[in-house]
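J.: model this:
(2 chains, ligands or ions: 2)
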Amino acid sequence: MSTVFGQVVKRREDPRFITGRGQYTDDVQLPGMLYAAILRSPHAHARIIGIDVEAAKRAPGVVAVYTGRDLAERMGSVPTAWIPPESDLKTPPHRALAVDKVRYVGDGVAMVIADTRYAARDALDLISVQYEVLPAVVNQVEAMENGAPVLHAEAPDNVAFHWQIGNATDEVFAQAEVVVRHTIRQQRLVPNPMEPRASVAQYNPATGELTVWVTSQNPHIHRFVLSGILGIPEHRLRVVATDVGGGFGAKIAVYPDEALVAFAAMDLGRPVKWTEDRREHFLVTTHGRDHVEELELAGTRDGRIQAIRVRAYANMGAYLSTAAPGVPTILFGLIVPGPYTIPYVGVDVYGVFTNTTPTDAYRGAGRPEATYLLERMVDLYAREIRMDPVEVRRRNLIPADEFPYHTPTGLEYDSGNYHLALSRALDMADYDGFRRKQQELRAQGRHVGVGVTTYVEICGLGPSQVAGAVGFQGGLWESSTVRVHPTGKVTVFTGSSPHGQGEETTFAQIVADKLGVLVEDVEVVHGDTARISMGWGTYGSRTTPVAGSALAVALDRVLEKARRIAAHMLEVSAEDVECEDGRFYAKGAKSRSVSFQDVALQAHLAWNLPQGVEPSLEAQAFYDPANFTYSFGTHICMVEVDTDTGDVRIDRYIAVDDCGRVINPMIAEGQVHGGIVQGIGQALWEGAVYDEQGQLVTGTLMDYAMPKARFFPNFETAFTETPSPHNPLGVKGIGETGTIAATPTVVNAVLDALAPFGVREIQMPLTPERVWRSIQEGGQRS
Amino acid sequence: MEGSKCAITLSVNGTSYTREVEARLLLVHFLRDELGLTGTHVGCDTSQCGACTVLLDGKAVKSCTVLAVQADGCEVTTIEGLGRIDKLHPVQEGFWEKHGLQCGFCTPGVIMTAAGLLNENPHPTEEEIREGLEGVICRCTGYQNIVRAIQYAADRTPEVEPEPAVEVAASAPTGGAQELTRQEGEDA
Ligand code: FES
Ligand code: FES
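T.: Residues are numbered from 1 along each chain as shown, chains lettered A, B, ... in the order given. Ligands and ions are numbered 1, 2, ... in the order given. Below you'll find the model as predicted:
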């Protein structure tokens, strides 16, 4: 085996991106192409009385105008694809364009098709819609109150679903030495990948083939769902998403927009392109988080956590998006006990309709919410029993010899060494030294604080049996085809759909490692349903553990066949062939060898193959993982708070993560960096805010604060490696760990800094104003 | 509404183009839709993200905030013209070496911004680099490797000579485009 696995290899996808030769959806230009623009409701809740499109139809360049009524009979409803069991989930129809009623600002009302981008946008101003404005509700707790405006007749109390799990009883809490109660809000976030969503559709009426380019994290799911909405047979529908400019969960969902564009292309017989602008992204692309959580933790005086109980109100927005119901239930509730040996857990979740943009997965999807509440509660508990928060964690972390570990929520953690990651991070941070310095600085009137998070993450979403059991309306296996060409060059077709994670490189490393070929001689193809037989996409930190494992299995099949052919060429039996660095040797006779390239050529020439061996050298694998896999780690942040201005400065950030075996440390580290910044974004700056009428007041990048380069120090990162025992590569996921860990780490650091002021809670994001106010209101200096 | 057309002549990546364009046409749409140079991206509508950054007479500007007619008579360098794959600009090289990109969408704009920055300040401190990235947003990388990439390029920039590929053009900039976009970019 070569040593390319585990090494830094420069990314193979970069040359096209650094020279401007990527091929993102909006870059697709087709002859005769038309442009779509969508008129969006300015009201959060209103009845549509009438729509007059005549003036728009007559405008220069306009080819067609469609309203909800025009399409009601011709297009299906946009479905949700996650139906958690025993949750009494309501699925009111979600029309691609609203018919009778609009339910959030941004709900589509009409679509214009014109011959230029500008003409399509101009014509939107000529459409007049008569609305009867209805009262709106944007807060999920208020939406459940009696007399709240009702969004859907199917859900008269606005409750979309109610889901519960766990074994915690009132008695456990009644008998506990210490009970900590707290309510927190995890604010709404806007994913904001830098590439806006876009779609281009082209239809060939003669063959009945429809091609849709779309900004998707999962083109095969797009094909599956679009086929249903449009009534196009799946084998006549091709979905392409080769270069996608970030997703973070926002490009999992199948939206009305791509269905509309495809419909128009079929109806008009010309290609149609639609690209959202950033304002539309804010209004229409799914948001993340938005929970209100009532929390209770029970423990002993000496720092043993006995129970955690959560009642969460999850704001689902106006409709249930594709994966949305799974996020605040399965991906959240099951991981609430986190990395600790907590015997009793109770989770009770209401998913609630409101007059806001639908929510769905956002980087981490459910797991950041669970980690945030748990880590905040652990710190409050530590404060309550006057114990160092690190010591509390030490006393509760699952010991390394207890894996596989079964949680009270039914998960089986595959492997871990949580104490190791914690002690490594504490060493890097010089935690004890910092605590001493903190005392000195406090005496000087300076307020520094440290936050420590120990986390575990569900990743590698699969197996399919579990997907079915938890109500996901799809499989969670992955496919891989390895095609060896006559010259020994290799093309890999993967069902995952990376969009920044670098699998064109890491997967080539897996191939190079197994077959002994050069990384440069491997091409990884993804994101095209015409080239890849099937796949479930990239999300849930599943690409490396699931699709990477599919690749490993397919490679073993290739290798097995190559070995038989090599044996035949070397005139020995297959058992007597050894393979090393891309050459096959006769055992005990190193001078007799053939290269992998020789074998590939003979496999294709097929002049003299062993009996029963078919020509060519290609293998496919459909890999269904045995279990989820669980990454974990410890993050530590040190901040200083300016108590005069409320400004928070991040002084140091340390991350020790364990994602099993690391294929490419440079890429893994990059994932951690990006994740941390998104997690800190939630802690300190980001937040989507609606006014009471349901207007999104943070609707542009001027109002919604995105993290910038100057806000951060250099992060200090390291990895421990505890292989997953159940996949062939021993790998876990790394795409979401940073986001999961960073938010509570930073908030706990700020609250630690402000402990002398008696501050227990500051609502995220911790803007200077909120921090300053909390200091003023926090009580006496202690 | 569709307005009258104006004739403009400008040089893009060393080639001169004369076109009739609507007065309201944004430079970024001119580059993408008229010239098919799709390396320059559009990431926002409020001049915040910097994905559209190009060099206009050697200075980094946001091409979503410049009208095509304002670029009349100017020299535009886009990512496609900065360096070739076999002769990369040091900033491009740095991004590849130091993993300065993930999804790649912000990348052309960030690279052009960095090229503009190094043009004005060939050896910036880390703080100056982070400040210099104020007008761009990257959602993927966490910026740390972008900073490393720019440091890599700065280390390869000779002390005296400016980089030829981003040499400030001899002709004076026309119109107020640069001032306009730079101000708008900064109040993010
Ligand atoms: S497109 Fe965002 S600044 Fe130009
Ligand atoms: S690399 Fe994706 S936004 Fe910067």
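J.: C-alpha only now, for contacts and for neighbours.
T.: OK.
J.: which residues touch the residue lying closest to B:Leu26 once chain neighbours are set aside?
T.: Leaving aside its chain neighbours, B:Leu26 sits nearest to B:Leu67 (4.3 Å; criterion: C-alpha to C-alpha, 6 or more residues apart in numbering or on different chains). Residues in contact with B:Leu67 (C-alpha atoms under 8 Å, 6 or more residues apart in numbering or on different chains) are B:Ala23, B:Arg24, B:Leu25, B:Leu26, B:Leu27.
J.: and with 6 Å instead?
T.: The contact partners of B:Leu67, by C-alpha atoms under 6 Å, 6 or more residues apart in numbering or on different chains, come to B:Leu25, B:Leu26, B:Leu27.
J.: Where does the prediction get shaky in chain A?
T.: A:1-2, A:779-782 (pLDDT under 70).
J.: tell me the secondary structure for the residue of it found nearest ligand 2?
T.: Proximity of chain A to ligand 2 (C-alpha to the nearest ligand atom) peaks at A:Met194, 5.0 Å away. Following DSSP: H, G, I helix; E, B strand; the rest coil, the label given to A:Met194 is coil.
J.: Chain B versus the nearest residue to A:Ala241 once chain neighbours are set aside, what's the distance?
T.: Sequence neighbours aside, A:Gly527 is the residue nearest to A:Ala241 in space, at 4.7 Å (criterion: C-alpha to C-alpha, 6+ apart). A:Gly527 sits 14 Å away from chain B, going by C-alpha to the nearest C-alpha, to the nearest Å.
J.: can I assume A:Gly527 is in contact with A:Ser496?
T.: No: contact criterion C-alpha atoms under 6 Å: A:Gly527 and A:Ser496 do not qualify, at 7.4 Å.
J.: Weed out the non-buried ones from the contacts of B:Leu67.
T.: Using 16 or more other C-alpha atoms under 10 Å in any protein chain shown as the burial test, the contacts of B:Leu67 include B:Leu25, B:Leu26, B:Leu27 as buried.
J.: What strand or helix carries A:Ala421?
T.: For A:Ala421, the enclosing helix or strand under DSSP states H and E is helix A:418-429.
J.: buried set for that helix?
T.: For helix A:418-429, burial by neighbour count (16+ other C-alpha under 10 Å) applies to A:Tyr418, A:His419, A:Leu420, A:Ala421, A:Leu422, A:Ser423, A:Arg424, A:Ala425, A:Leu426, A:Met428, A:Ala429.
J.: hang on, the earlier thing: contacting residues for the residue nearest to A:Ala241?
T.: A:Gly527 touches A:Val240, A:Ala241, A:Thr242, A:Ser497, counting by C-alpha under 6 Å, 6+ apart.
J.: returning to that earlier point: return the subset of the buried ones among the contacts of B:Leu67 lying in helices.
T.: Residues of the buried ones among the contacts of B:Leu67 located in helices (DSSP state H): B:Leu27.
J.: Among the buried ones among the contacts of B:Leu67, which one sits closest to chain A?
T.: B:Leu25 (8.7 Å; C-alpha to the nearest C-alpha).
J.: Let me see the contact set for the closest one.
T.: B:Leu25 touches B:Leu67, B:Ala68, counting by C-alpha under 6 Å, 6+ apart.
J.: Under the pLDDT cut-off, which ranges of chain B? List them.
T.: Using pLDDT under 70, chain B drops low at B:1-3, B:159-188.
J.: how close does the residue in the stretch 201-350 of chain A that ligand 1 sits nearest to get to A:Leu701?
T.: Scanning the stretch 201-350 of chain A for the residue nearest ligand 1 gives A:Arg278, at 8.5 Å (criterion: C-alpha to the nearest ligand atom). For A:Arg278, the distance to A:Leu701 (C-alpha to C-alpha, to the nearest Å) stands at 8 Å.
J.: Compare the two and say which one has the larger neighbour count.
T.: A:Arg278 (23 against 20; other C-alpha atoms under 10 Å in any protein chain shown).
J.: Good, we can wrap up now.
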